[in-house]
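3D, please:
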Amino acid sequence: MAKIEMIATAAFGLEALVAKELKQLGYADQMVENGRVTFWGDEEAICKTNLWLRTADRVLVKVGEFTATSFDELFEKTKALPWADWLPEDAEFPVDGKSVKSTLFSVSDCQAIVKKAIVEKMKLKYKKDWFVENGPRYRIEVGLLKDVATLTIDTSGAGLHKRGYRQLSTVAPLRETLAAALVMLSKWPADRVLADPFCGSGTIPIEAALIAQNMAPGLSREFAAEQWPNIPGSLWRSARQQARDEIRTDMELRILGTDIDEEALSLSRHHAKRAGVDGQIHFQRQPFAEMRSRFQYGYIICNPPYGERLGEVKEAEEIYKEMRRVFNALETWSFFVITSHMGFEKLFGRNADKKRKLYNGRIQCNYYMYNNPKPE
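Numbering: from 1, shown residues only. Now for the predicted structure:
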C-alpha cells in the first residue's frame with residue numbers, strides 16, 4: 001500500500017491528545033503543529049483513524065504544499081499535483097478555502113483558481129473537456145497561511161464530533177470531541193465512579209462509557225472516503241469488524257449523569273441508547289445542591305453554565321460558590337471543571353492543581369483540574 005501524508009485537524013489545545021491517539025493506533029511518524037497533526041500511513045490508516053480518533057475534528061489527505069504569492073503561481077503549482085491519483089472521472093469536488101496573513105487574501109478567487117487548475121489536470125488524464133461531477137464526493141480545501149498553500153482532500157465528510165448518536169441536543173451542547181478530551185485529560189480510571197452534575201444531553205457520561213468499553217466512536221456513522229473507489233470496501237469492513245472485536249463487554253461501570261432539566265435528561269437517555277451504552281449510565285433529575293455519594297472515591301467531570309449571556313453571569317457565579325460547599329463534602333474525590341469564567345478559582349475558593357486552555361467552539365475556556373489522593 002502507498003504511503004500517504006495525512007492531517008488530523010484538532011481544536012486548539014487538543015493537538016497533543018490527537019498525537020497520542022495516533023501513536024496508540026500505530027502512527028508514530030508525525031509532526032504536531034497548531035490545530036493539526038501531520039502523520040503518514042496507508043489506505044488502511046484512513047479507515048482506522050476515522051473510526052477511532054476521539055478528539056480530532058477531521059482526517060485529511062494532504063495532496064501538496066507550496067509557496068504561492070500570485071494567482072499564476074497558485075494555478076500552476078496546483079495543476080502540477082497528482083489529482084488523478086485520487087479523483088475519479090465522475091468525482092464531485094467542491095473547493096473550500098481560507099487565507100491567513102497571506103498575499104492572496106481573496107478566498108473566493110483562490111477557490112476558483114484551484115478548481116480550474118484541477119479541472120485542467122483532469123482533462124489531461126481523462127481526455128475530455130467536461131466533468132459532470134455526479135460521483136463520490138471529494139471536498140478539497142486550499143488553506144493559505146503566511147503565503148504557504150496547503151491542498152487537502154477531506155476523508156471524513158461530517159466532522160468527527162458527529163458520532164451518530166446525538167440527533168437532538170440542548171442549547172449550547174458540548175461537542176463530543178471536547179467531551180472525550182475532558183475525560184481523557186482527567187485520567188479517569190474506569191473502575192472509579194464518574195459523575196457529571198450538569199450533564200445536559202449526556203455527552204460527557206456517554207463519551208466516558210465509550211472510552212471505558214473501548215468502543216470506536218465512529219462505528220455508528222459513515223465517512224466520505226467509504227465511497228471512494230481507490231479505497232477498497234474490504235479495508236473498511238475489516239477495520240469495522242476489528243473495532244467491534246475490541247469492544248470490552250466485561251466492564252461494570254458506575255457513571256452518573258444528573259441535571260435539573262427533565263427534558264435534557266430524556267435526551268441523555270435517548271442518546272445513550274443510540275450509542276449502545278444506556279446500560280452503563282444512570283441518569284436522574286437532581287438539583288446540584290443535593291449531590292451526595294456513598295462512594296469514598298470518585299471523579300466529577302462537568303461543564304457548568306459559563307454565564308456568557310447577559311444577565312446570566314451572577315447565576316453562574318452562584319453555582320461556582322455552591323460547588324465549593326458540595327465538593328468540599330466529597331473531600332477524597334477529584335474534580336474537573338471547564339468554564340470560560342476567568343474568576344472561577346476565586347469563586348470556588350481553591351486554586352486548581354493544574355489548568356489547561358481549551359476552546360468550547362469559539363469560546364476560550366480553562367479546564368480546572370483538582371486531583372485528590374488516590375485510594376490506599
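
helix, strand, or coil at Ala272?
helix (DSSP: H, G, I helix; E, B strand; the rest coil).

mind checking how far it is from Glu207?
The gap separating Ala272 from Glu207 is 11 Å, by C-beta to C-beta, to the nearest Å. In this view, the C-beta of every residue, glycine as well, is placed from N, C-alpha and C.

more neighbours: these two, which one.
Neighbours were counted for Ala272 and for Glu207 using other C-beta atoms under 10 Å; Glu207 has more, 28 against 24.

give the contact list for the more buried one.
With contact set as C-beta atoms under 8 Å, 6 or more residues apart in numbering, Glu207 has these partners: Arg54, Glu176, Ala179, Ala180, Val183, Pro217.

what is the nearest of those residues to Arg166?
Minimum distance to Arg166 across those is 6.9 Å, recorded for Glu176 (C-beta to C-beta).

check contacts around the closest one.
Applying C-beta under 8 Å, 6+ apart to Glu176 gives the contacts His161, Lys162, Arg163, Arg166, Thr203, Ile206, Glu207, Pro217.

export the residues you listed as CSV, with columns for secondary structure, distance to Ile247 and pLDDT.
Shown next, in CSV, are the contacts of Glu176 (DSSP: H, G, I helix; E, B strand; the rest coil; distance: C-beta to C-beta, whole Å; pLDDT from 0 to 100):
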residue, secondary structure, distance to Ile247, pLDDT
His161, coil, 21, 96
Lys162, coil, 20, 94
Arg163, coil, 15, 95
Arg166, coil, 20, 85
Thr203, helix, 20, 96
Ile206, helix, 15, 98
Glu207, helix, 15, 98
Pro217, coil, 12, 97
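
just name the closest of those to Leu144, please.
Lowest distance from Leu144 to the contacts of Glu176 (C-beta to C-beta) belongs to His161, with 25.3 Å.

how near is the closest one to Leu17?
The gap separating His161 from Leu17 is 14 Å, by C-beta to C-beta.

what's the answer for Cys47, then?
Distance of Cys47 to Leu17, given as C-beta to C-beta: 21 Å.

more neighbours, these two?
Between Cys47 and Leu17, counted using other C-beta under 10 Å, Cys47 has the larger neighbour count: 27 against 21.

looks to me like that one is in a strand.
No. Counting by three-state DSSP, Cys47 falls outside a strand, being helix.

leaving out chain neighbours, which residue sits closest to it?
Leaving aside its chain neighbours, Cys47 sits nearest to Ala239 (3.9 Å; criterion: C-beta to C-beta, 6 or more residues apart in numbering).

try Ala2
Spatial nearest neighbour of Ala2, chain neighbours left out: Asp42 (6.4 Å); criterion: C-beta to C-beta, 6+ apart.
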